[in-house]
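Colleague: Provided below for reference: sequence and predicted model.
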Amino acid sequence: MSNELIRLKDCFMAFDDQVVLNSINLYIKDREFLTLLGPSGCGKTTTLRIIGGFQKPTSGSVFFDGVRINDVPPHKRRINTVFQKYALFSHMNVFENVAFGLRIAKLPKAEIKRRVTETLKLVNLPGFEKRSVNSLSGGQQQRIAIARAIVNRPQVLLLDEPLGALDLKLRKEMQIELKKIQQQVGITFVYVTHDQEEALTMSDTIVVMNQGNIQQIGTPTDIYNEPKNAFVASFIGESNIIDGIMNEDYMVTFAGHTFRCLDSGFAQNELVDVVVRPEDLHICAPEEGHIRGVVESIVFKGVHYEMIVRTPAFPFLVQSTLHRAVGQEIGLSLTPDDIHIMRKPKQKDAQAAPLPDAQAADA
Amino acid sequence: MNKKGLSTPYVIWMAIFVVAPLILVVVYAFTSKSGGFTFENFSGMLQYAGIFSNSFLLAIIATAICLAIGYPLSYFLAKESATIRKVAMIFIMLPMWMNFLLRTYAWMSILEDTGLFNRLLALLGLPTLHIINTNAAVVIGMVYNFLPFMILPIFSVIEKIDRSVIEAAQDLGANSVMVFKRVIFPLSLPGVLSGITMVFIPAVSTFVISKLLGGGMTWLLGDLIENQFLGNVYNPHLGSAISLVMMIIVMICMAVMNRFGEGEEGAVVL
C-alpha cells in the first residue's frame, strides 16, 4: 500500500483568469481508495480530469509511476474513468459497451468474451450481455459504466461522482459494493464526491478541497476527529465553531468558561476558532455543566435528538439521545479531547487561503 | 377533455390532402382514358427505362456529393464555438430564403458558356467548359438547392452527441480515428439517413432544375410526369402510373437503407 503511483506537483489551473486549482500537491498510493471531497467548484473534478488526461494543467506536472505524463493523451494512459452521467454508448448493447476497450486493444475474441462475462458477474449483472443499455435502470447503467472501465484492468480507476444520480438506498448499497469491487480487483480508486458521508464510508484517504486549494489530507478518522481548520470542520459533519482565546498552552477560553484542552503552540491570548462536534456536548444538570443554556428547539432525528441550546455567548447545536423540553435550563459539559482548536485564517476569506499545514501532509 | 381529440383536425387535413390524392393517383394509374381498368399504363412504361435510370443516377450522384460536402462540414462546424455555429447556420439557410426559381436562374447565368464561371476560367488562362444543358449542370443545381437539407439533420445530430461519450471512448483507448469510426459516426447515422432521404427524394423528382439547367436535353422523371399533366401529350393516367412506380422505387430504396442503418441505431424517418 505504500508505493506512490500518481503525483501532482504544483498543479495550477486557470480558465480565463479564474483560478481553479491553486498549485496543488498530492500523491496517490498504489491500491488505495482516495476521495477528493469538496463543495462544487472546489476543483475536485478538474483534478480528476487532469489525472485522466482530459485537461492539461496550466502549469505544474503530473507523474504516473515516476514518469511525467502531462503530454500523454487519455487513450494512452493506463487509467479508466467512470463518468458522472455514465456516458454509455447508446448505439451498442451491454456486451459491446463493456467490450469496447478490449476490442480497441485487439484482444482475441474468446478472451474478450471471457473477460466481459467475468466482469458482468463482478458488477452483479450476469446475463445482461444482449440487453440494450437504454433499457437499464440508473443503478444498472452505473454498474455497466464501472464494468466497462475495470474490464480493461487499469492501474487506476477514476470515478466522477458516480452515485450522484441514484436514490439514497441504492447509493448506500453501491457504496459498499464499490468498496468491495475495489478490494477484489486491487486497483487504485480516485473518487470525486461532494457527499461527506460517502467519502467517510469508502475512503482510505480523503483529500478535502475548497476553492482550488487542498484543505486537509488524511484518513476518514483523522479528518473527522482532527479537522485542520474551520472549513474542514464545518464541511465534514456538523460542528459548533466558536470564537475563543488561547490563554496559554492547553488552556482556552470560550463561551464564558475556561477549558483545559490538548492543543499547544499558540501565541499567548491568540484568537482562535474552537470547534466542538454536536455529539460531544454532554447534557447534565445546570449546576454541573461548564456552560449553562436554555433549550430553544428540539427535533427528533431518529437516532438522536437535535437541539439548539441558547447560551449568552453562542447557540450550541447539541445531539443527544436524551430528551429535554423546550425552555428548560440545562448544563453542557465537555472533556478536553472534545475541544478542537484551530488557528484563525489570516486573510479575510478564510477558505481561499492556502494552508501550509495541508500541503505539508503529503510531503 | 380527451386529449386524443386534439389530433382530429390534423387527421382530417391528412385525409384530404395526403390520402385522397394518393387514392386518386392509384385510381388514375389503373384506368384508361375511357375509364376502364387496365395495366396498359404500366406495360407501356418500359420505353421510359432510360429516363428512370438517368433520374435515379443523377439523384444518387447529387445525394452522394451533398453527403461528401455536408458531413465534414457538419462535423467540423459542430466543434466550433456557439457564435461561429450560429453565423454558419445563417449562411447555410440564407439561400433557402430566396426563391427557388431565382436561385436556379442565377446558376444558369453562372454556368453559361459565356457565364461567370467560364469567364473566371478564361481569366486564369484555363480552357472554358461547356456545362450548361448537361447532366453536370443538373447535378450542380441539385447539390446547390438541396445541400441545406443534408447539413441540417446531420449537424443537429452531431451537435447533440454528449461530449462525455467521446471522452469515454478516448478513455477506453480509442484514438481520434477510432472515436470517429466507432462512436461519432454510428451515433450520427440517424442524421445521415434523414439527410439522404431529404435530398434524394426531391432530387429524383425535380423538373425545374433539369428544365432550366439541363435545357431540356436530358429528361428526368419529373419532366416526364409534368409533361403528362401539363404538356401537349396530356395523359394523366400514364403520369399517375409513372408517379406511382417512382414512389414505390423510392420507398424500397428508403426501406433498404433504414434496414441497413438499424443495426447501428433505431429506425429513421422515411
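Modeller: That came in fine, so what should we check first?
Colleague: Apart from its neighbours in sequence, what residue is nearest residue B:239?
Modeller: residue B:228 (3.0 Å; C-beta to C-beta, 6 or more residues apart in numbering or on different chains). Using the backbone N, CA and C atoms, a C-beta is placed for each residue, glycine as well.
Colleague: likewise residue A:86?
Modeller: Per C-beta to C-beta, 6+ apart, closest to residue A:86 is residue A:145, 4.2 Å.
Colleague: Quick check: phi and psi on the one you found?
Modeller: As for residue A:145, its main-chain torsions (degrees, to the nearest 10) stand at phi -60, psi -40.
Colleague: residues in contact with residue B:93?
Modeller: Residues counted as contacts of residue B:93 (C-beta atoms under 8 Å, 6 or more residues apart in numbering or on different chains) are residue B:148.
Colleague: could you point out which element follows the helix or strand hosting it?
Modeller: Assigned by DSSP states H and E, residue B:93 belongs to helix B:82-93. Following helix B:82-93 in sequence order, the next helix or strand is helix B:100-111 (DSSP H and E).
Colleague: could I have whichever helix or strand comes after that following helix exported to PDB, CA atoms only?
Modeller: Sequence order places helix B:116-123 as the next helix or strand after helix B:100-111, per DSSP H and E. Output of helix B:116-123 as PDB, limited to C-alpha atoms (Å, rounded to 0.1, in the frame of the first residue of the first chain):
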ATOM      1  CA  LEU B 116     -19.300  33.900 -64.800                       C
ATOM      2  CA  PHE B 117     -17.700  30.500 -64.300                       C
ATOM      3  CA  ASN B 118     -16.200  30.300 -67.800                       C
ATOM      4  CA  ARG B 119     -15.100  33.900 -67.700                       C
ATOM      5  CA  LEU B 120     -13.300  33.100 -64.400                       C
ATOM      6  CA  LEU B 121     -11.600  30.100 -66.100                       C
ATOM      7  CA  ALA B 122     -10.600  32.300 -69.000                       C
ATOM      8  CA  LEU B 123      -9.200  34.900 -66.700                       C
END
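Colleague: Helix B:116-123 - contacts with which helices or strands?
Modeller: helix B:100-111 (3 or more C-beta pairs under 8 Å, 6 or more residues apart in numbering or on different chains; DSSP states H and E).
Colleague: So residue A:281 is in contact with residue A:316, correct?
Modeller: Yes. With contact defined as C-beta atoms under 8 Å, residue A:281 counts as touching residue A:316 (6.0 Å).
Colleague: joint contacts of these two?
Modeller: Applying C-beta under 8 Å, 6+ apart, one finds that residue A:281 and residue A:316 are jointly contacted by A:240, A:309, A:332.
Colleague: can you tell me which helix in the chain is longest?
Modeller: You didn't say which chain, so I picked chain A. Counting residues, the longest helix found in chain A (DSSP state H) is helix A:168-185.
Colleague: look at chain B instead
Modeller: helix B:49-79.
Colleague: what angle do it and helix B:82-93 make?
Modeller: If you take axes from the mean of the first three to the mean of the last three C-alpha atoms, to 10 degrees, helix B:49-79 sits at 160 degrees to helix B:82-93.
Colleague: Can you name every helix or strand that helix B:49-79 contacts?
Modeller: Packing partners of helix B:49-79 (3+ C-beta pairs under 8 Å, 6+ apart): helix B:82-93, helix B:135-160, helix B:185-205, helix B:221-230, helix B:236-262.
Colleague: Buried residues, the second one. List them.
Modeller: By neighbour count with 16 or more other C-beta atoms under 10 Å in any protein chain shown, helix B:135-160 contains the buried residues B:135-155, B:157-158.
Colleague: hmm, who's touching the helix or strand that it is followed by?
Modeller: Counting by DSSP H and E, the next helix or strand C-terminal to helix B:135-160 is helix B:163-171. Residues outside helix B:163-171 that contact it (C-beta under 8 Å, 6+ apart): A:52, A:54, A:73-75, A:79-81, A:83-85, A:87-90, A:100, A:148-149, B:178-179, B:182-184, B:187.
Colleague: Could you tell me how far helix B:163-171 lies from the centre of the chain?
Modeller: Mean-position distance between helix B:163-171 and its chain equals 33 Å (C-alpha atoms, centre = their mean, to the nearest Å).
Colleague: In the stretch 151-300 of chain A, which residue sits nearest chain B?
Modeller: As assessed by C-beta to the nearest C-beta, chain B sits closest to residue A:152 within the stretch 151-300 of chain A, at 6.7 Å.
Colleague: quick one: what helix or strand has that residue in it?
Modeller: Here residue A:152, judged by DSSP H and E, is contained in no helix and no strand.
Colleague: Could you verify my assumption that residue A:90 touches residue B:190?
Modeller: No. Between residue A:90 and residue B:190 there is no contact under C-beta under 8 Å: 11.1 Å.
Colleague: more neighbours, these two?
Modeller: residue B:190 (21 against 16; other C-beta atoms under 10 Å in any protein chain shown).
Colleague: Model confidence for the more buried one, exactly?
Modeller: Note on residue B:190: pLDDT of 91.
Colleague: That one contacts residue B:156, correct?
Modeller: No. With contacts counted by C-beta under 8 Å, residue B:190 stays clear of residue B:156, the gap being 10.1 Å.
Colleague: on that earlier part again, if you count neighbours, what's buried in the longest helix of chain A?
Modeller: Within helix A:168-185, the residues that count as buried by 16+ other C-beta under 10 Å are A:170, A:171, A:174, A:175, A:177, A:178, A:179, A:181, A:182.
Colleague: What parts of chain B come near chain A?
Modeller: Listed as neighbours of chain A in chain B under the rule C-beta under 8 Å from any C-beta of the partner chain: B:162, B:164-165, B:167-175, B:178, B:182-183, B:186-187, B:189, B:264-265.
Colleague: Recalculate using a threshold of 7 Å.
Modeller: B:162, B:164-165, B:167-168, B:170-175, B:178, B:183, B:186-187, B:264-265 (C-beta under 7 Å from any C-beta of the partner chain).
Colleague: which of these are buried?
Modeller: Among the residues of chain B next to chain A, those scoring as buried are B:164-165, B:167-168, B:170-174, B:178, B:183, B:186-187, B:265 (criterion: 16+ other C-beta under 10 Å).
Colleague: among those residues, which two are most distant?
Modeller: Using C-beta to C-beta, the two most remote members of those are B:173 and B:265, lying 23.0 Å apart.
Colleague: if we can go back for a sec, more neighbours, residue A:281 and residue A:316?
Modeller: Between residue A:281 and residue A:316, residue A:281 has the larger neighbour count (other C-beta under 10 Å), namely 23 against 20.
Colleague: didn't that one look like it was pressed against residue A:317?
Modeller: No. Look at residue A:281 against residue A:317 with C-beta atoms under 7 Å: they stay out of range, at 8.3 Å.
Colleague: rewinding a little: so how far is residue A:125 from the residue nearest to residue A:86?
Modeller: In this structure, residue A:145 and residue A:125 are 11 Å apart, going by C-beta to C-beta, to the nearest Å.
Colleague: Compare these two (neighbour count), which wins?
Modeller: residue A:145 (25 against 20).
Colleague: circling back: dump the residue contacts of the residue of the stretch 151-300 of chain A closest to chain B.
Modeller: For residue A:152, the contact set (C-beta atoms under 7 Å, 6 or more residues apart in numbering or on different chains) comprises A:80, A:101, A:102, B:172.
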